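S.K.: Okay, predicted coordinates and the sequence, questions at the end:
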Amino acid sequence: MRKLLILVVLIPLLGGLGWWYLREQALPDYGPAYREYAYITNGKSNTVSVIDLRTFEPAKTIAVGVEPTGVAANSKKNEVYVVNTGSNNVSVIDAEKNAVVATIGVHGRPYFIDVSEDGKRGYVANSGSANVSVIDLDKKAVMGNVRVGAAPGLARVSPDGASVVVSNRGDNTVSVIDAKLLRVRATLPVCQQPEDIAILPDSSKAFVACSGSSQVASIALARGEKSGEGTSDRVLALLDVGRTPVNLALKPDGGELIVSDFDSDSISIIETGTNEVAGSTLIGQHPTHAVVTLDNSRLYASNFGSDSVAVYDIDLGRRIATVGVGSRPDGLALSQDQRYVLVLDTQAGDVTVIQKREPRKLEPTEYSLLTMIPVGVQPNGIVVKSFMRTGPGKK
């Protein structure tokens, strides 16, 4: 009986100590006005799920347009923009209220939106109407439509706001738009089925992944007479990578570009300064997206075919961990403090949260699965928005 009583007392005590030792750490406390949300577009639910990243709990479900796909946050104001492919419009979400405050009509079959660094403009490529809608985000209205090539998939604005690079999947070209004049500055033949785009931090080059020809195009962007750089937009190189490159992840310092090669189960590393492929590494089955931490040290890649996320150490040049997640992982995002990886499980309809933590004796692994949060049907886009509240409203 004495032994039984000891066990009854010890088991809860040891369990409590174990929980304290292994417990997941919450986000830092930035004060009562701080908010940090993840916004997830649910393509088959016509909704956006909002997750509170202070508690990792669902905060709200917002009805938007038909077939929402791309989503982006404004770095200068507390707004989030959702592209509705089926209804040909953009929903504007006030992040403080977590409510739609405007709906902006664009043209046929848009998929993505990119926001200028000054927060004043949004660019939407309309794949069904061969043009790009330019949105004045202060007025919440379209200020112009620019004709480009066939079936444009993505319009990416350069960090300096001067150029917009558009991948035209239908005619294997790239259009470069002068953002000041709102007209096409150059149309460049590239490789087959150009899709994802990355632009260097100094706005000197753009890289375009061509999924149909296993290549990445390096493009010089016109810089202006005073910069001392070349003044014409031109293709510098076509770089051979793995099969079906579908995603480009640029290191924040701009030195290297990581390519997700879907049908080669690998990533390719491009040295952006020299336009050379430095090598490739097997990463997992059918990688679709990748994201690099702000300190340039780690890359996380979603493996659509193996229901996992690979962790790649950029300095070591090798994969250091693989974490199992839900079915058909695709889009990725990082929390503001870089300690949490959010993974869209497109088939499961949830978001897996992976935590990065300091290894300990009883838990030597650096990465662990924190939770899985149900969202809507076919989640396909994610963005994280952190901010300080400026007015009253709900939590």
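M.R.: Done, it's in.

S.K.: alpha carbons only for contacts and neighbour counts from here, please
M.R.: Fine.

S.K.: what's downstream of the helix or strand containing Val82, the next helix or strand?
M.R.: Using DSSP states H and E, Val82 sits within strand 79-84. Sequence order places strand 89-94 as the next helix or strand after strand 79-84, per DSSP H and E.

S.K.: Output the helix or strand just after that following strand as PDB, nothing but the C-alphas.
M.R.: Next along the chain after strand 89-94, taking DSSP H and E as the criterion, comes strand 99-105. C-alpha atoms of strand 99-105 as PDB (Å, rounded to 0.1, in the frame of the first residue of the first chain):
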ATOM      1  CA  ALA A  99     -12.800  41.900 -41.400                       C
ATOM      2  CA  VAL A 100     -13.100  42.600 -45.200                       C
ATOM      3  CA  VAL A 101     -13.200  46.400 -45.600                       C
ATOM      4  CA  ALA A 102     -13.100  46.600 -49.500                       C
ATOM      5  CA  THR A 103     -13.300  44.400 -52.600                       C
ATOM      6  CA  ILE A 104     -11.400  45.500 -55.700                       C
ATOM      7  CA  GLY A 105     -12.300  44.100 -59.100                       C
END
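
S.K.: Neighbouring strands of strand 99-105 in the sheet, and parallel or not?
M.R.: strand 89-94 (antiparallel) (DSSP bridges).

S.K.: Can you list the neighbours in contact with the strand it pairs with?
M.R.: 64-65, 78-84, 99-107, 110 (C-alpha atoms under 8 Å, 6 or more residues apart in numbering).

S.K.: Take these and, keeping just the buried ones, write it as a PyMOL select command.
M.R.: To isolate the buried members of the contacts of strand 89-94 in PyMOL, using 16 or more other C-alpha atoms under 10 Å:
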select buried, resi 64+65+78+79+80+81+82+83+84+99+100+103+104+105+106+107+110
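
S.K.: about what we covered before: could you give the mean pLDDT of the strand holding Val82?
M.R.: On average, the pLDDT along strand 79-84 is 98.

S.K.: One more: stretch 37-48?
M.R.: Mean predicted lDDT for stretch 37-48 stands at 98.

S.K.: what's the span of that stretch, first residue to last?
M.R.: From its first residue to its last, stretch 37-48 covers 12 Å (C-alpha to C-alpha, to the nearest Å).

S.K.: Also stretch 91-110?
M.R.: The first-to-last residue distance of stretch 91-110 comes to 12 Å (C-alpha to C-alpha).

S.K.: From Ala151, how far out is Ala125?
M.R.: 9 Å.

S.K.: ditto for Lys60
M.R.: 34 Å.

S.K.: returning to what we had before: now the strand holding Val82: how far from the chain's centre is it?
M.R.: The chain centre lies 14 Å from the centre of strand 79-84; the measure is C-alpha atoms, centre = their mean, to the nearest Å.

S.K.: and if you look at stretch 132-145?
M.R.: With C-alpha atoms, centre = their mean, you get 22 Å for stretch 132-145.

S.K.: Then stretch 329-343?
M.R.: 9 Å.

S.K.: Endpoints of it, how far apart?
M.R.: First residue to last in stretch 329-343 (C-alpha to C-alpha) measures 6 Å.

S.K.: same thing with stretch 294-304?
M.R.: For stretch 294-304, the end-to-end distance is 24 Å (C-alpha to C-alpha).

S.K.: Could you do stretch 155-164 as well?
M.R.: 6 Å.

S.K.: How about stretch 115-132?
M.R.: Rule used - C-alpha to C-alpha; the end-to-end distance of stretch 115-132 is 13 Å.

S.K.: Can you point out the buried residues in it?
M.R.: Result for stretch 115-132 [16+ other C-alpha under 10 Å]: buried residues 115-117, 119-132.

S.K.: do the same with stretch 200-217
M.R.: So for stretch 200-217, counting by 16+ other C-alpha under 10 Å, buried means 200-201, 203-217.

S.K.: who's in contact with it?
M.R.: Residues contacting stretch 200-217 (C-alpha under 8 Å, 6+ apart): 158-160, 165, 167, 190-199, 218-223, 235-248, 250, 252-254, 259.

S.K.: ok but Asp263 is inside a strand, no?
M.R.: No: going by DSSP: H, G, I helix; E, B strand; the rest coil, the assignment for Asp263 is helix, not a strand.

S.K.: count of residues packed around the closest residue to it other than its chain neighbours?
M.R.: Distances taken as C-alpha to C-alpha, 6 or more residues apart in numbering put Arg243 closest to Asp263, at 5.1 Å, once the chain neighbours are dropped. For Arg243, the neighbour count with other C-alpha atoms under 10 Å is 19.

S.K.: go on, the one 3 residues further on?
M.R.: For Val246, the count of nearby residues is 24 (other C-alpha under 10 Å).

S.K.: these two touch, right, it and Asp263?
M.R.: No: applying C-alpha atoms under 8 Å as the test, Val246 and Asp263 come out as separate, 9.5 Å apart.

S.K.: hang on, the earlier thing: can you flag which of the buried residues of stretch 200-217 belong to strands?
M.R.: If you go by DSSP state E, these have Lys205, Ala206, Phe207, Val208, Ala209, Cys210, Gln215, Val216, Ala217 in strands.

S.K.: Output the strand or helix carrying Val309 as PDB, restricted to C-alpha atoms.
M.R.: Val309 belongs to strand 308-313 when elements are defined using DSSP H and E. What follows is strand 308-313, C-alpha atoms only, in PDB (Å, rounded to 0.1, in the frame of the first residue of the first chain):
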ATOM      1  CA  SER A 308       7.400  16.200 -44.500                       C
ATOM      2  CA  VAL A 309       9.400  19.400 -44.100                       C
ATOM      3  CA  ALA A 310      13.100  19.200 -44.600                       C
ATOM      4  CA  VAL A 311      15.500  21.400 -42.600                       C
ATOM      5  CA  TYR A 312      18.600  22.400 -44.600                       C
ATOM      6  CA  ASP A 313      21.600  24.100 -42.900                       C
END
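
S.K.: quick one on the thing from earlier: could you check which of Lys60 and Ala151 has the larger neighbour count?
M.R.: Ala151 (23 against 14).

S.K.: Go ahead and confirm that one touches Gly128.
M.R.: Yes: Ala151 lies in contact with Gly128 (C-alpha under 8 Å); the separation is 6.1 Å.
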